[in-house]
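Participant: Structure of the sequence below:
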Amino acid sequence: MRMEAALVSARVAALLGQGESLHDVRARIPGATDPAFDARLKYGQALLRRAPGLFRGRAGQTTLRILDAIDRLPCRKRHVALAALLIGPVLIAFFVLQPLIEHYHDIEWVRAAAPESAVAQGLSDRLLLLQQDVGEMPAMPDGIARHANAALQSVRSAEHDLNGLQVWGGPGSSVHDTYWSLGELSGSQLHAALVHDRPLLTDAQYQVARADSELALARELASTSNTWDGVSNNIPADLPSDLIPAWTQAAGQLHASLESGNVNAVHTAVDSLKTLQQAGSIEQTIASDQNALSGPAASIAAPIIVSIRRDIASGDASGANAGLAMLNALVARVRSSYVLHIANHAGIDTGIVRRDRQNGKTACYVVVEALSAQGAPVSIPVYDSELSKWAVAHTYGVQVSLAQYRTFMDDKATGALPVMAGTKPPGALNAAYDFPVMRGRITVF
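Facilitator: Residues are numbered from 1 along each chain as shown. This next block holds a predicted model:
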């Protein structure tokens, strides 16, 4: 009877190794209702745990075929075959083939559980660093502590997730323990363990990412607080007196946003303070530019300067910079000088007749090109009156009357086309043309 019990236990181990549940094993083996079957069931589980290489995968399928063949032998021969089957391979497995069995464990673990186990261990190591970072965050202003505490809550949530993993994937499990834990799991149980653990790992990864994000915000607040410490008392010496209230207001907004932990509000307040820091030098630039402008150019500059000062007071850095760019462009335009020639080169039209893009009427244009005093081509700012926008161009068209257009074309045909079209001296806003130009219409082709 002992041989028969050993045969049943071996069959139990092989069935479990193929992923069968305990319920299925009882249904497949005759005599499962016998009270002694529970002992054989436990012994079969022990066999699987000790020598999974004999009972899992293809090896287990082969073992089942051998056991089926033994069942078909007469009773006496069955005893002999069973003894040879169980005693011989077991001795070989434990004393000779033990390294191969452990290698099988290694392969099985890598296939099934290694990725999750590696993620779990990596997250566990990351949590230790996050806890250290949280502890190093300054307690003041309050906004830093708010984000640090939020990071700590996410760390604790991730720790809870990792503590809920199966032992084979949990942090702190040794590789050896993990190998042998697999031997205690059938295929379906291992699958269930993986299904159980993966959502926990996913949530732990999410919580770690949240902790990283909160800590990044805390670090940014800490850096800003350190950089702008005492900002209320550090008013720039060259700040115009009328902008001191704006500085005080921006400093108060920065303090409030640091206390609340609102990083976006911190950025807005810092941008305002940086713009105000530049207000003194900007005023010097404006004063210098005003001295360089007169007449129509000064009239154009006046609303631009008002807009720049308004943007500085409101902390609108982008608006102030855009206004400065417009003012600088206007000054550069006034200071520039060039001459205009009528285009008379191969490949360049001297005159063009086409429909006006605004009113659809026929319009005549003469093409001019801008040159430096030394005769080199230069690009100049040109306002395209058809498109109502500025452009930079070397050649452009100015609208002339039909009679003027025909005169130019006749002169070109006879070789008498004049060279000069106009001049732009320094200090002037616009070029002066040597021929009548209709309503100052200019088109960039």
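Participant: Quick one: the strands in the chain, in order.
Facilitator: With DSSP state E as the criterion, the chain has strands at 338-342, 351-355, 362-371, 380-384, 389-393, 395-400, 420-424, 432-433, 442-443.
Participant: in the third one, what's buried?
Facilitator: Along strand 362-371, these residues count as buried under the neighbour rule (16 or more other C-beta atoms under 10 Å): 363-370. Heads up, the C-betas are built off the backbone N, CA and C, glycines and all.
Participant: Can you tell me which one of these sits lowest on pLDDT?
Facilitator: Across those, the bottom pLDDT score, 85, is held by Ala363.
Participant: so where's the chain shaky on pLDDT?
Facilitator: By pLDDT under 70, the low-scoring segments of the chain are 1-4, 32-33, 52-54, 57-59, 70-114, 166-191, 357-358, 440-441, 445.
Participant: now do 50
Facilitator: Residues of the chain that meet the criterion pLDDT under 50 lie in 1, 76, 78, 87, 91-92, 94-96, 169-170, 175-176, 179-180.
Participant: The strands of the chain: which one's closest to Ala332?
Facilitator: strand 380-384 (8.3 Å; C-beta to C-beta).
Participant: As CSV, the strands of the chain with distance to Arg49 would be great.
Facilitator: Below are the strands of the chain laid out as CSV (distance: least, C-beta to C-beta, whole Å):
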stretch, distance to Arg49
strand 338-342, 94
strand 351-355, 93
strand 362-371, 92
strand 380-384, 86
strand 389-393, 82
strand 395-400, 90
strand 420-424, 96
strand 432-433, 101
strand 442-443, 90
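Participant: Ile66: which of those strands is closest?
Facilitator: strand 389-393 (89.9 Å).
Participant: before we move on, the earlier item: what's the closest of the buried residues of strand 362-371 to Ala158?
Facilitator: Nearest to Ala158 out of these is Ala370 (C-beta to C-beta; 66.8 Å).
Participant: hang on, isn't the closest one packed against Tyr338?
Facilitator: Yes. Here Ala370 reaches Tyr338: they are 4.9 Å apart, a contact under C-beta atoms under 8 Å.
Participant: which residues touch Gln278?
Facilitator: Contacts for Gln278 (C-beta atoms under 8 Å, 6 or more residues apart in numbering) come out as Ile312.
Participant: Give the phi and psi angles for it, as a check.
Facilitator: phi -90, psi 0 (degrees, to the nearest 10).
Participant: hmm, back to that, the strands of the chain: which one's closest to Leu194?
Facilitator: strand 389-393 (63.6 Å).
Participant: Name every strand pairing with the closest one and say which way it goes.
Facilitator: Using DSSP bridges, strand 389-393 pairs in its sheet with strand 380-384 (antiparallel).
Participant: hmm, back to that, any common contacting residues for Ala370 and Tyr338?
Facilitator: Shared contacts of Ala370 and Tyr338, defined by C-beta under 8 Å, 6+ apart, are found at 378, 380, 424.
Participant: and the second one, how many neighbours?
Facilitator: Here the neighbour count serves as a burial measure; for Ile380 (other C-beta atoms under 10 Å) it reads 16.
Participant: Next, the contact list for it, please.
Facilitator: Shown in contact with Ile380 (C-beta under 8 Å, 6+ apart): 333, 336, 338, 370, 392-394, 424.
Participant: same check, this time on the last one
Facilitator: Residues counted as contacts of Lys424 (C-beta under 8 Å, 6+ apart) are 336-340, 370, 380, 430-432.
Participant: Quick check, Gln205 in contact with Leu123.
Facilitator: Yes. The pair Gln205 and Leu123 qualifies as a contact (C-beta under 8 Å) at a distance of 6.6 Å.
Participant: Compare the two (neighbour count), which wins?
Facilitator: Remark: of Gln205 and Leu123, Leu123 carries more neighbours, 20 against 16, as counted by other C-beta under 10 Å.
Participant: Excluding covalently adjacent residues, which one is nearest to the more buried one?
Facilitator: Ala204 (5.2 Å; C-beta to C-beta, 6 or more residues apart in numbering).
Participant: Check Ala313 too.
Facilitator: Ala246 (4.8 Å).
Participant: Distance of that neighbour relative to Gln131?
Facilitator: According to C-beta to C-beta, to the nearest Å, Ala246 and Gln131 sit 42 Å apart.
Participant: same check, this time on Pro377
Facilitator: 67 Å.
Participant: Also Gly17?
Facilitator: To Gln131, Gly17 is 42 Å away according to C-beta to C-beta.
Participant: Give me the more crowded residue out of the two.
Facilitator: More crowded of Gly17 and Gln131, by other C-beta under 10 Å: Gly17, with 26 against 16.
Participant: Check whether that one really touches Arg50, as I assumed.
Facilitator: No. Here Gly17 does not reach Arg50: they are 11.9 Å apart, not a contact under C-beta under 8 Å.
Participant: before we move on, the earlier item: closest to Asp229 out of the buried residues of strand 362-371?
Facilitator: Ala370 (53.4 Å).
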